[in-house]
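1. Here is my input; please provide its structure:
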Amino acid sequence: MLSNMLPVALYESLLPKLVKILELTQQQELNGPSAVQAKQNLFLATNDFKNAIAQAKDFALNLPGGEMLIEEQDEVIAMLERLKARKMAQLTAFTSKKVISNSYAQDGMEVDSLASTPQSGSGSDS
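-> Here you go, the predicted structure:
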């Protein structure tokens, strides 16, 4: 069950990571393009964001139920609606038919189901 849960923290972390990249870019512009530490920090932040985006994309692509296009889903829904209508028509036709039951004898007496049930055990009830 845990493997199917949405990793909310992953998606929530994307915006702060992007903000960090923007801040580091602005700092680098202010400090000059030659600051090695600033370039390293920007590189690490960019890779972190890139990896988080890749994980989020991979998770989104592997969500269950996304195998069919909307057009395909519409076709399946239409097919199921036709099947439902056909089954309803069959049910209506069945319920309108007069059914002769075998539970009554020819003279109209009800057949006792216990009379035809075999006895269990040795046959003595005492």
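2. domain ranges for this structure?
-> Here the domain parsing of the chain from automatic domain parsing is 1-64, 67-97.
3. lowest-confidence stretch among those domains?
-> Least confidently modelled of these is domain 1-64, at a mean of 84 by mean pLDDT.
4. where does it sit relative to the chain's centre, distance-wise?
-> What separates the centre of domain 1-64 from the centre of its chain is 29 Å, taken as Cα atoms, centre = their mean, to the nearest Å.
5. do stretch 76-87 as well
-> Worked out by Cα atoms, centre = their mean, stretch 76-87 lies 21 Å from the chain centre.
6. Ala45 - how many residues pack around it?
-> Using other Cβ atoms under 10 Å, Ala45 has 19 neighbouring residues. Every C-beta, even on glycine, is put in place using the N, C-alpha and C of the backbone.
7. Okay, buried residues for the helix or strand harbouring it please.
-> Using DSSP states H and E, Ala45 sits in helix 36-61. Neighbour-count burial for helix 36-61, counted by 16 or more other Cβ atoms under 10 Å, picks out Ala38, Asn41, Leu42, Ala45, Thr46, Phe49, Ala52.
8. any idea which helix or strand carries Lys20?
-> Under the criterion of DSSP H and E, Lys20 resides in helix 14-31.
9. Identify all contacting residues around that helix.
-> Ala35, Ala38, Lys39, Asn41, Leu42, Ala45, Thr46, Asp48, Phe49, Ala52, Ile53, Ala56 (Cβ atoms under 8 Å, 6 or more residues apart in numbering).
10. just the angle between it and helix 36-61, please?
-> Angle, helix 14-31 to helix 36-61, by axes from the mean of the first three to the mean of the last three Cα atoms, to 10 degrees: 160 degrees.
11. Mean neighbour count, the domains of the chain: which tops it?
-> Of all the domains of the chain, domain 1-64 carries the top mean neighbour count, a mean of 12, counting by mean count of other Cβ atoms under 10 Å.
12. Looking at the buried residues of helix 36-61, spot the one nearest Thr92.
-> Using Cβ to Cβ, Ala52 comes nearest to Thr92 of the buried residues of helix 36-61, at 56.7 Å.
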